[in-house]
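Enquirer: no sequence for this one, just the structure:
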Ligand SMILES: NC(=O)c1ccc[n+]([C@@H]2O[C@H](COP(=O)([O-])OP(=O)(O)OC[C@H]3O[C@@H](n4cnc5c(N)ncnc54)[C@H](OP(=O)(O)O)[C@@H]3O)[C@@H](O)[C@H]2O)c1
């Protein structure tokens, strides 16, 4: 009798697992039909799409780790293959080169990128230079830009990059940056604004404007910068991108007090919150302008973003992650695709793996999904009227 029940239970579980895998497979196939030059395996990640926003019983930082681990396992199995590390890396990086080479007709167009001098931002900058853009980089620290520009300029002429100092933890610095940009270029002349700069799990710090530093860097200042530069962006062909993150799938309730709240060792809740806010604010901003607005997740990319998250820096794990995680150039695939593609795509949408993704339904202060309340509160925090 026991054996009968056991074999029936095992068969039932196997059947359910098989059905689930079959449905992932069907979803992935359906996604493949309209996908733009990306690998078939990418579709599986989207089909599985780990939306944990409704799992309110689980702490946010644990959900952030689970999403990170699932994405990394996915890259290992579906993108890298166990023994094909270098070939998939080359394939993905070649995709970026092909994309850039197919869109070199941007001579004279202006792109602005924050944090375009390191990590994924640097790779986006290189791609845009290759595509003919003049790139204005908002650089965090006032360093000698000459060496950096010289390194960048190997293949382009020296008047194609401009660096302007920008500290996103200070609204005053954002305003200074905007004034300097406005002094250099005419209205409606910006083709691209890429809000790439960000920090993750930074030690707790309150900024001089009175907000937690990740919230100010990752969503308050980028919204201030974008709103201030809107009149300088081409209303017909202009695009604005915001770096978000798949950690937005851990957040269910956007409590408007979070940017004022302190934390101890765990800064991941504030990070996920800031990235969820920016993706939701993008949906609202897109309704107010003809300029195309997008948020995106670049993938799990090995950069110094992880330098303050201990688990990624443990000796053995660090070597493993260096091997598995995407390279910064691979991380530039989705943002460069959004920047360079001439097709008109849904403004206000969130992208990952070169595809539009579904955003989770979030509450604002525990009440109905009312993104306008989040927008109004953000405007008040950054000192703008609407
Ligand atoms: N890497 C990933 O797996 C991943 C995943 C999801 C989302 N993202 C997002 O992608 C974006 C780029 O990340 P990354 O991985 O390339 O990280 P990164 O290598 O650490 O680059 C971040 C950039 O932001 C700049 N920055 C930081 N604080 C700033 C401030 N207060 N003012 C102005 N600039 C500031 C940094 O400048 P300094 O170097 O001078 O400080 C750096 O250039 C971030 O928004 C990140 O949240 C990354």
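Expert: Here it is on my side, so go on. The structure presented is a predicted model; accordingly, all values stated were derived computationally and were not measured. Numbering: from 1, shown residues only.

Enquirer: what about residue 87, how many neighbours?
Expert: 11 (other C-beta atoms under 10 Å). C-betas here are computed from N, CA, C, even on glycine.

Enquirer: my hunch is that it is in a helix, does that hold up?
Expert: Yes - assigned with DSSP: H, G, I helix; E, B strand; the rest coil, residue 87 falls within a helix.

Enquirer: right, and the helix or strand after the lowest-mean-pLDDT helix or strand in the chain?
Expert: Every helix and strand in the chain was compared by mean pLDDT, DSSP states H and E; the lowest is helix 40-48, with a mean of 53. For helix 40-48, the following helix or strand on the C-terminal side (DSSP states H and E) is helix 60-74.

Enquirer: Any buried residues in that following helix, and which?
Expert: Neighbour-count burial for helix 60-74, with 16 or more other C-beta atoms under 10 Å as criterion, is recorded at 60-61, 63-68, 70-72, 74.

Enquirer: What of stretch 322-342?
Expert: 324-340.

Enquirer: Helices - which of those residues land there?
Expert: 324, 328-331, 333-340 (DSSP state H).

Enquirer: Give me every residue in the stretch 51-200 of the chain lying close to the ligand.
Expert: 114-115, 117-121, 140-141, 166-169, 196-200 (C-beta under 6 Å from any ligand atom).

Enquirer: Now which of those residues would you call buried?
Expert: Buried among those (16+ other C-beta under 10 Å): 114-115, 117-121, 140, 166-169, 196-200.

Enquirer: nearest spatial neighbour of residue 361, skipping sequence neighbours?
Expert: In this structure, residue 361 finds its nearest non-sequential neighbour in residue 369, 5.4 Å apart by C-beta to C-beta, 6 or more residues apart in numbering.

Enquirer: try residue 351
Expert: Closest to residue 351 by C-beta to C-beta, 6+ apart is residue 296, at 4.3 Å.

Enquirer: likewise residue 217?
Expert: Nearest non-adjacent residue to residue 217, counting by C-beta to C-beta, 6+ apart: residue 168, 4.4 Å away.

Enquirer: Check whether the closest residue to the ligand within the stretch 151-300 of the chain sits in a helix, strand or coil.
Expert: Among residues of the stretch 151-300 of the chain, the one nearest the ligand by C-beta to the nearest ligand atom turns out to be residue 198. It sits 2.3 Å away. Classification of residue 198 by three-state DSSP places it in coil.

Enquirer: Could I get the contacting residues of it?
Expert: Residue 198 makes contacts with 115, 217-218, 243, 305, as judged by C-beta atoms under 8 Å, 6 or more residues apart in numbering.

Enquirer: Those residues in strands, which ones?
Expert: residue 243 (DSSP state E).

Enquirer: all strands of the protein, in order?
Expert: Going by DSSP E, the chain shows strands at 110-114, 134-139, 161-165, 190-195, 239-243, 253-254, 292-297, 350-352, 355-357, 363-364.

Enquirer: Worst mean pLDDT among the ones you listed?
Expert: Lowest mean pLDDT within the strands of the chain: strand 355-357, a mean of 87.

Enquirer: Against which helices or strands is that strand packed?
Expert: With contacts taken as 3 or more C-beta pairs under 8 Å, 6 or more residues apart in numbering; DSSP states H and E, strand 355-357 sits against helix 40-48, strand 350-352.

Enquirer: which helices and strands sit right next to the shortest one?
Expert: Applying 3+ C-beta pairs under 8 Å, 6+ apart, one finds that strand 350-352 contacts strand 292-297, helix 333-340, strand 355-357.

Enquirer: rewinding a little: burial of the residue nearest to residue 351, as a residue count?
Expert: Residue 296, neighbours per other C-beta under 10 Å, totals 27.

Enquirer: mind checking how far it is from residue 206?
Expert: Separation of residue 296 from residue 206 (C-beta to C-beta, to the nearest Å): 29 Å.

Enquirer: The closest residue to residue 374 other than its chain neighbours bridge partners, please.
Expert: Excluding the flanking residues, the one nearest residue 374 by C-beta to C-beta, 6+ apart is residue 364, at 5.4 Å. Beta bridges link residue 364 to residue 254, residue 367 when assigned by DSSP bridges.

Enquirer: can you count the residues close to residue 272?
Expert: Residue 272, neighbours per other C-beta under 10 Å, totals 26.

Enquirer: Might one say that it is in contact with residue 244?
Expert: No - using C-beta atoms under 8 Å, residue 272 makes no contact with residue 244, being 10.2 Å away.

Enquirer: What residues does residue 186 make contact with?
Expert: Residue 186 touches residue 232, counting by C-beta under 8 Å, 6+ apart.

Enquirer: let's see it at 10 Å
Expert: Residues near residue 186 by C-beta atoms under 10 Å, 6 or more residues apart in numbering: 110, 232.

Enquirer: just the one 10 residues further on next, same as before
Expert: Taking C-beta under 10 Å, 6+ apart, we find residue 196 in contact with 113-116, 118-125, 137-138, 222, 241-243, 296, 298, 332, 335.

Enquirer: which non-adjacent residue is nearest it?
Expert: Spatially, and ignoring its direct neighbours in sequence, residue 196 is nearest to residue 121 (4.2 Å; C-beta to C-beta, 6+ apart).

Enquirer: which residues sit in contact with that neighbour?
Expert: Counting by C-beta under 10 Å, 6+ apart, residue 121 touches 113-115, 137-139, 194, 196-198, 243, 298, 303, 328, 331-332, 335.

Enquirer: Kindly recompute the last result at 7 Å.
Expert: Neighbour list for residue 121: 113, 115, 196-197 [criterion: C-beta atoms under 7 Å, 6 or more residues apart in numbering].
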